[in-house]
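Engineer: Provide a 3D model corresponding to the input given below.
(one chain, ligands or ions: 1)
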Amino acid sequence: MACFFRRKIAAKLGRALQQSEDVFIPALSAVPVFRKQQSPDFKLSINTLRSSGVLPSSGDTQQQSEELANRLKQDSVVEDISAGNGVIHFKVNRKLLVEKMLEPFGKEDDHKFGLNSELFKTLKKGTTLVEYSSPNIAKKFHAGHLRSTIIGNFIANLKQSLGNNVIRMNYLGDWGMQFGLLGAGFGKFGCQEKLKQNPLQHLFEVYVQVNKEAEHNEDTMQAARDFFRQLEQHESEAVSLWQQFREITVDEYQRVYKRLNVHFDIYSGESFHQHGAQEVVQQLQSRGLLKTSETGAGVVDTSTDGDMSSVCAVQRADGTTLYITRDLAAAIDRKEKYNFDEMIYVTDKGQANHFNQLFHVLRALGHSWADRCEHVPFGLVRGMSTRSGEVVFLEDVLNEARNRMLHNMSQSKTTKEMDDPEDTAEKVGISALIVQMVIVILCSKCQQARLRLFSGAGSVLAGGMRILGITPVDKM
Ligand SMILES: NC(=[NH2+])NCCC[C@H](N)C(=O)O
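Structural biologist: Numbers count the residues shown, from 1 in each chain. Next up is the predicted model:
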């Protein structure tokens, strides 16, 4: 696409100076996007033209650029031409830019765009399990969860388009002491009516209240411990309350994920792997891999020299298992159930060490497929907030995106009258949210690979972003 515009500008220069357009191509460079909204698209270097003999090398470059710029006229391709210091700036026609960007999409079947290339045909295809989103019941759905949801879904879609059999999994934080607190707190502060009306909000409120009380009330803490013990021993009353919390949460999330066009094949969770976690500890023990730390915790040596300089704790001193122990059991269970060829975990980079340790211990247990497990980390983001305050629920973020778009539409002179502005705002607002996150990944990958942004996919997306007026909130 950049080629098309570069040629057009070169031809224009060729006509003005009565030269072959080819001599101007090396002097024309595309300006990386993301600078300023007002920045030009292409720059012509007067110095390059002087050294290649197109312009005389004597004389003032500033004057040369002004003279040349004055001889050029705007047309249907170039909408603005201006002289800078030793350069001429060109801005191309916005409508044409969009048309050119979208052109390749129209040529092929929408869903097959770019997938008919030889490279893609030779890619190995298999079963890919992608685990993403994975919020914790009764806790905040934070910015990291939102990113995981969008990036994970993007990866899953990409893998699917490439011909893999994709399993989309949500691994809920549905186990642990927080349920002891929630179980104990629900008896005091809970209300079935509110739970039905606004489940996530109500569970969160109960959780916050009971936490506050447990801070200074030992009885509450004891009640929480008791409730969690009852859960671990599968006592029916405790289990049925827990089950209700879980089901209601999953239903609610499913409803909200729909707005993002996100779905999961499986809602798994930490709760499924309590038993497996104990088994993992036993396997570690029987292989002589389980050591006892000074505090009495069960640990695995993950150091390269075998000197315990780095260890992974898998069991508390009281015999209970941890987050990572459940992850070990979950990974083994997924391999047995789905026999994946690769597994991808999408979380913020704060968990990078957790996943390194996870893969390390899996290998130590003889699971060579751990080499085909991958953690896709993304940068941590500052807390999310809406105009009405800090964000707790995914739904608030989506509503905020829609409302801001609705507001922008009402402010814009060019917005035409619409049948259903709310619906349009929903689609454009949520798309902006998604594109904004995806572009950040692509940009960071482009930069890592030292690619210029104004090339290939980067340019299409970055151009689209610029037209939509979206700026990435932060860097990866
Ligand atoms: N298999 C995993 N550990 N996945 C990530 C789970 C994320 C976790 N629930 C959290 O909110 O931090």
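Engineer: give the contact list for the spatially most central residue of the chain.
Structural biologist: Nearest to the mean C-alpha position of the chain, by C-alpha atoms, centre = their mean, lies residue 151 at 2.9 Å. Counting by C-beta atoms under 8 Å, 6 or more residues apart in numbering, residue 151 touches 132, 346, 376, 378, 437, 438, 441. The C-beta positions use only the backbone N, C-alpha and C, and glycine is treated the same way.
Engineer: okay, it: pLDDT?
Structural biologist: What the model reports as pLDDT for residue 151 is 91.
Engineer: quickly note the distance from it to residue 163.
Structural biologist: Distance of residue 151 to residue 163, computed by C-beta to C-beta, to the nearest Å: 21 Å.
Engineer: residues from the protein in reach of the ligand?
Structural biologist: 131, 134, 136, 171, 173, 327, 345, 347 (C-beta under 6 Å from any ligand atom).
Engineer: those residues into CSV, with extra columns for secondary structure?
Structural biologist: Output for those, formatted as CSV (DSSP: H, G, I helix; E, B strand; the rest coil):
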residue, secondary structure
131, strand
134, coil
136, strand
171, strand
173, strand
327, helix
345, strand
347, strand
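Engineer: of these, buried ones?
Structural biologist: Neighbour counting by 16 or more other C-beta atoms under 10 Å classes 131, 134, 136, 171, 173, 327, 345, 347 among the residues of the chain next to the ligand as buried.
Engineer: chain neighbours aside, what residue packs nearest to the residue in the stretch 151-300 of the chain that the ligand sits nearest to?
Structural biologist: The nearest approach of the stretch 151-300 of the chain to the ligand comes at residue 173, 3.7 Å away (C-beta to the nearest ligand atom). Excluding its sequence neighbours, the residue lying closest to residue 173 (C-beta to C-beta, 6 or more residues apart in numbering) is residue 136, at 3.0 Å.
Engineer: where exactly do the helices run in the stretch 351-476 of the chain?
Structural biologist: 352-364, 394-411, 421-448, 456-468 (DSSP state H, counting those that start in this stretch).
Engineer: those: lowest mean pLDDT?
Structural biologist: helix 456-468 - the lowest mean pLDDT of the helices of the stretch 351-476 of the chain, at a mean of 45.
Engineer: pretty sure residue 54 is touching residue 25, no?
Structural biologist: No: using C-beta atoms under 8 Å, residue 54 is not in contact with residue 25; the gap is 11.2 Å.
Engineer: residue contacts, residue 76?
Structural biologist: Residue 76 neighbours (C-beta under 8 Å, 6+ apart): 93, 96.
Engineer: ok, 7 Å please
Structural biologist: residue 93 (C-beta atoms under 7 Å, 6 or more residues apart in numbering).
Engineer: is it in a helix, a strand, or coil?
Structural biologist: Residue 76 ends up coil, using three-state DSSP.
Engineer: from here on, count from 91
Structural biologist: From this message on, residue numbering opens at 91, which makes the last subject residue 166.
Engineer: for residue 313, see how far away it is.
Structural biologist: Distance from residue 166 to residue 313, by C-beta to C-beta: 75 Å.
Engineer: neighbours around residue 440, how many?
Structural biologist: For residue 440, the neighbour count with other C-beta atoms under 10 Å is 11.
Engineer: thinking again about what came up before, buried ones in the host helix or strand of the residue nearest to the centre of the chain, by neighbour count?
Structural biologist: Here residue 241 is covered by helix 233-251, with elements defined by DSSP states H and E. Residues 233-246, 249 are the ones in helix 233-251 that count as buried (16+ other C-beta under 10 Å).
Engineer: pull the distance from it to the chain's centre.
Structural biologist: 6 Å (C-alpha atoms, centre = their mean, to the nearest Å).
Engineer: repeat that for stretch 513-532.
Structural biologist: Worked out by C-alpha atoms, centre = their mean, stretch 513-532 lies 12 Å from the chain centre.
Engineer: restricting to C-alpha, output that stretch in CSV.
Structural biologist: Output in CSV follows, covering the C-alpha atoms of stretch 513-532 (Å, rounded to 0.1, in the frame of the first residue of the first chain):
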residue,chain,number,x,y,z
ASP,A,513,-26.1,-0.4,18.9
THR,A,514,-23.6,1.4,16.6
ALA,A,515,-21.8,2.8,19.7
GLU,A,516,-21.7,-0.6,21.2
LYS,A,517,-20.1,-2.1,18.1
VAL,A,518,-17.6,0.7,17.5
GLY,A,519,-16.8,1.3,21.2
ILE,A,520,-16.1,-2.4,21.9
SER,A,521,-14.2,-2.8,18.6
ALA,A,522,-12.0,0.1,19.6
LEU,A,523,-11.3,-1.5,22.9
ILE,A,524,-10.3,-4.7,21.2
VAL,A,525,-8.3,-3.1,18.4
GLN,A,526,-6.5,-0.9,20.9
MET,A,527,-5.2,-3.9,22.8
VAL,A,528,-4.3,-6.0,19.7
ILE,A,529,-2.4,-3.1,18.1
VAL,A,530,-0.3,-2.7,21.2
ILE,A,531,0.8,-6.4,20.9
LEU,A,532,1.5,-6.1,17.2
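Engineer: residues of stretch 319-334 that come out buried?
Structural biologist: 320, 321, 328, 329, 331, 332.
Engineer: same deal with stretch 362-378?
Structural biologist: 362, 363, 364, 366, 367, 368, 370, 371, 373, 374.
Engineer: and if you look at stretch 354-364?
Structural biologist: Buried residues in stretch 354-364 (16+ other C-beta under 10 Å): 354, 357, 358, 359, 360, 361, 362, 363, 364.
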